[in-house]
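Peer 1: Build me a model from this:
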Amino acid sequence: MKRFLFIIFFIALPVWLNCGRPKEKGPSVEEIQQIFWHSPEEELKPTRWDTGDTTVTNEDRLELFLPAVEGLGGGYFGVGSIQNFILAAWARSEYIWLMDFTKIVVAANRIHIAFMKNAPTKEEYRALWQLDSAVKANEIIEKEYGNREDIAFIKQAYKTSGPYLRNSLKNFDKLVARRKFATYLSDQSQYEYIRSLALQNRIRPLKGDLTVGTTVTGIAEAAKKMGITFRIIYFSNAEEYFGSYPAGFRNAFVQMPVDDKTLLVRTIAFRRDKFRWAADSELSTDRGFHYNLMPFQLFQQKIDPALPGKIDVRDLFQEAVIDPRDYGISYIGYTPSDKPFAERIR
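Peer 2: Below you'll find the predicted structure:
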């Protein structure tokens with residue numbers, strides 16, 4: 001009996017000792033939303049890329065990333081347009097930060113979010129980009145953003161980007177049929193997931209320049225306060241235009257909260273002799289792309305501002321391993337057979 005009572009006491013003791021202690025509480029849902037939507041962002045100057053063609057993607061082989069990113073969850077950071085919704089839907093991301101240095105892309109992303117909120121099905125969402133839906137589309141834009149000072153610019157962005165978006169939708173339909181994969185544009189369950197994030201106000205378009213770092217630093221600090229770990233950080237092929245990584249970039253991205261599952265997702269077009277463009281990656285443009293994945297923790301080590309000298313994306317690719325099963329994708333810091341990535345690569 002004494003032995004039984006001793007066991008009961010031993011089990012109950014930790015509970016008794018902790019019962020008077022206040023429980024640590026994370027931020028509330030309302031606080032998280034405040035943090036998410038109120039980190040600082042940069043003011044943008046007009047650029048030569050403020051054109052309709054920048055509001056769509058010409059990276060036609062995004063499904064090469066699918067086995068690696070599928071179901072990663074966590075936070076998502078990306079530059080550009082609809083490719084981010086495709087990747088985030090595959091990853092089942094929890095919060096999405098969409099940043100761009102062109103005002104028209106930021107405006108177009110706002111339009112996508114508005115359309116998702118007001119279109120229960122992927123067909124209705126896609127239809128809002130068609131010419132015969134212009135009146136309804138503008139009513140939705142007015143409803144969602146009528147109190148913004150830049151409402152006229154957002155409406156103009158819809159008009160400017162529409163022809164490119166319609167053409168992009170056709171290209172994705174061809175790719176889905178040819179390559180046998182699905183995106184939120186073709187699969188209702190994926191669309192419903194990304195739409196649920198829009199309805200919960202978990203997708204935020206921001207103005208920012210990767211080379212400056214102010215917006216990125218704010219995002220990193222916000223994610224930490226929210227308790228969010230980034231799992232996908234997507235640069236498209238922006239690194240090709242930097243030369244060496246600028247100080248603002250390096251200082252900002254080493255602050256991003258990541259873990260050993262976080263991937264840097266990028267494309268490149270340089271050194272085609274070695275890093276060949278993926279097959280069918282030229283469907284929507286005369287310029288194809290090579291696709292690459294890299295553990296983000298390794299990337300942070302490489303760009304550490306404390307390290308001497310300069311570093312360029314081309315320096316990183318000296319260590320790239322090309323997938324022998326598909327020459328259009330490569331890996332830096334691991335191979336398709338390495339842990340902890342092997343189970344996610346094909």
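
Peer 1: Which residues outside stretch 265-280 are in contact with it?
Peer 2: Stretch 265-280 is contacted by residues 59-61, 64-65, 69, 87, 175, 178-179, 232-237, 239-240, 287-294, 313-314, 317, 320, 322, 326-330 when judged by C-beta atoms under 8 Å, 6 or more residues apart in numbering. C-betas here are computed from N, CA, C, even on glycine.

Peer 1: of the residues you listed, buried ones?
Peer 2: The neighbour-count test (16 or more other C-beta atoms under 10 Å) marks 59-61, 64-65, 69, 87, 175, 232-237, 239-240, 288-294, 313, 317, 320, 322, 326, 328-330 as buried among the contacts of stretch 265-280.

Peer 1: Sort out for me which of the residues you listed are in strands.
Peer 2: If you go by DSSP state E, the buried ones among the contacts of stretch 265-280 have 232-236, 290-294, 320, 322, 329-330 in strands.

Peer 1: Rebuild those residues as JSON lines, extending it with pLDDT and distance to Ser186.
Peer 2: Putting these into JSON lines (pLDDT from 0 to 100; distance: C-beta to C-beta, whole Å) gives the following:
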{"residue": "Ile232", "pLDDT": "98", "distance to Ser186": "20"}
{"residue": "Ile233", "pLDDT": "98", "distance to Ser186": "25"}
{"residue": "Tyr234", "pLDDT": "98", "distance to Ser186": "20"}
{"residue": "Phe235", "pLDDT": "98", "distance to Ser186": "25"}
{"residue": "Ser236", "pLDDT": "96", "distance to Ser186": "21"}
{"residue": "His290", "pLDDT": "95", "distance to Ser186": "25"}
{"residue": "Tyr291", "pLDDT": "96", "distance to Ser186": "20"}
{"residue": "Asn292", "pLDDT": "96", "distance to Ser186": "25"}
{"residue": "Leu293", "pLDDT": "96", "distance to Ser186": "23"}
{"residue": "Met294", "pLDDT": "96", "distance to Ser186": "28"}
{"residue": "Ala320", "pLDDT": "94", "distance to Ser186": "31"}
{"residue": "Ile322", "pLDDT": "91", "distance to Ser186": "29"}
{"residue": "Ile329", "pLDDT": "94", "distance to Ser186": "22"}
{"residue": "Ser330", "pLDDT": "94", "distance to Ser186": "27"}
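
Peer 1: shouldn't Glu240 be in contact with Val313?
Peer 2: Yes. Shown here, Glu240 and Val313 form a contact pair, counting by C-beta atoms under 8 Å, at 6.5 Å.

Peer 1: Phe270 should be in a strand, yeah?
Peer 2: No. Using DSSP: H, G, I helix; E, B strand; the rest coil, the assignment for Phe270 is coil, not a strand.

Peer 1: How many residues are close by it?
Peer 2: By other C-beta atoms under 10 Å, 14 other residues sit near Phe270.
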